[in-house]
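[1] Have a look at this fold, sequence not included:
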């Protein structure tokens, strides 16, 4: 479990990070908490010659609460769970973060790492689809924002350029009821299936619904069809099953050690139905 | 081999300096260079928690931190909590409640439980189980570990009250 050798850098501002990325190109990787990258380096699935540690960039930490919620990329999952303002403004964030890994891993694992890594097993990417988040990327040519729903292209492949750094995520303060529901084999495991749901109720009916799924395709899945199946209904059993059927049309799970395709589809349906019922009960 | 770094760490209140390659893991530096063998190497894949240490006031798994990332850090290991002639309350309670059998996971368990009780001095059973979920034990079935931590919390709170 010994990684390849690398040169270690700990710059203290973003300009220095970008300069290093420009200098070393695809030989360099940034490391946030390291809880996705270090395991991959130990397995030598990643062997960057230059490792650029972001821990010295205090600007990348922190949570701002307003009509728009902005979370610095270096904010840890533990900080998400412990933030009172976020618990009130977007409680789905802590509900999801509590289901990621374990306490020690959440103390170092960051929101930005979870999002930028591009692993379909990570939970934040699916949640960001549900919240229609924007990702802030900073590179040599300046700053740009990319919609979460446009960010993921394939497993570990995103629209982030090699010389860019994800610095923050932002999303409008979510409305209505919420749920992040996850089925996993054990603490610390990736999801067999997970669902992120936000539902707005008006006059006993669903006026808006957003549904996204984790680890059921090579990218996180935003299911517009599942949300549409709920809208206008009273969110009864029939509507829930219609949303599940719509979601099943949008996912593309692969057989692996978490089970065959049919099993994953079954679990995805059960998990989404539970998430919808819980979100509706809170709407 | 890449160049070695001049690494400075404070472990259990004592300043240490050593040379290490950036790719060396914190757990290896602690055990093999500094001779601090309380934290164990179990799975070495950030699942089991046997290597848990306290770094900068937070529990972390020392198998998933590069030595270089720990540059300048303050670290507490189980050695910093108690000694054979003066056990920490948590260690006493693990003994009294049979919170261990083979003992391999115990240093990580106790180091993690110590931080948990610093953050939350009066946890519920559910909070203990959630807070300890990053530490695996293959012997006890966890029941006695949870009992030991809850008993230690009671004792530590009583000691704090008596001191006030």
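    Noted; the coordinates are in hand. None of these values were measured; they are calculated from a predicted model.

[2] What ranges does the chain have for its strands?
    Picked chain A for this. Assignment of strands within chain A using DSSP state E yields the ranges A:7-9, A:28-31, A:50-53, A:63-64, A:68-72, A:134-139, A:142-147, A:152-154, A:157-158, A:165-172, A:177-183, A:193-202, A:205-214, A:221-222.

[3] um, chain B though
    B:5-11, B:14-20, B:52-55, B:58-61, B:74-76.

[4] right, and those strands - which one's nearest chain A?
    strand B:58-61 (4.3 Å; CB to the nearest CB). C-betas here are computed from N, CA, C, even on glycine.

[5] Leaving out the residues flanking it, which one is nearest to residue A:38?
    Take residue A:38 and drop its neighbours on the chain: the residue closest to it by CB to CB, 6 or more residues apart in numbering or on different chains is residue B:64, 5.1 Å away.

[6] any idea how far that neighbour is from residue A:159?
    Here residue B:64 is placed at a distance of 28 Å from residue A:159 (CB to CB, to the nearest Å).

[7] For the two, indicate the residue with more neighbours.
    Shown here are residue B:64 and residue A:159; by other CB atoms under 10 Å in any protein chain shown, residue B:64 has more neighbours (26 against 14).

[8] Per-residue pLDDT of the residue nearest to residue A:38, please?
    We have a pLDDT of 98 for residue B:64.

[9] Serialize the strands of chain B to CSV and add fields for distance to residue A:55.
    Compiled in CSV, those are given as follows (distance: least, CB to CB, whole Å):
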stretch, distance to residue A:55
strand B:5-11, 15
strand B:14-20, 17
strand B:52-55, 12
strand B:58-61, 13
strand B:74-76, 14
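
[10] okay, which residue is most central for the chain?
    Since no chain was named, I'll use chain A. In chain A, the C-alpha nearest the mean C-alpha coordinate belongs to residue A:124, at 1.6 Å (CA atoms, centre = their mean).

[11] look at chain B instead
    Note: chain B centre (CA atoms, centre = their mean) maps to residue B:111, 2.6 Å.

[12] Make sure it is actually in contact with residue B:59.
    Yes - using CB atoms under 8 Å, residue B:111 makes contact with residue B:59 at a distance of 7.0 Å.

[13] hang on, the earlier thing: closest one to chain B among the strands of chain A?
    strand A:7-9 (3.7 Å).

[14] pLDDT at the residue nearest to residue A:250 when sequence neighbours are not counted, what is it?
    Distances taken as CB to CB, 6+ apart place residue A:223 nearest to residue A:250, at 4.3 Å, with adjacent residues excluded. Looking at residue A:223, its pLDDT stands at 98.
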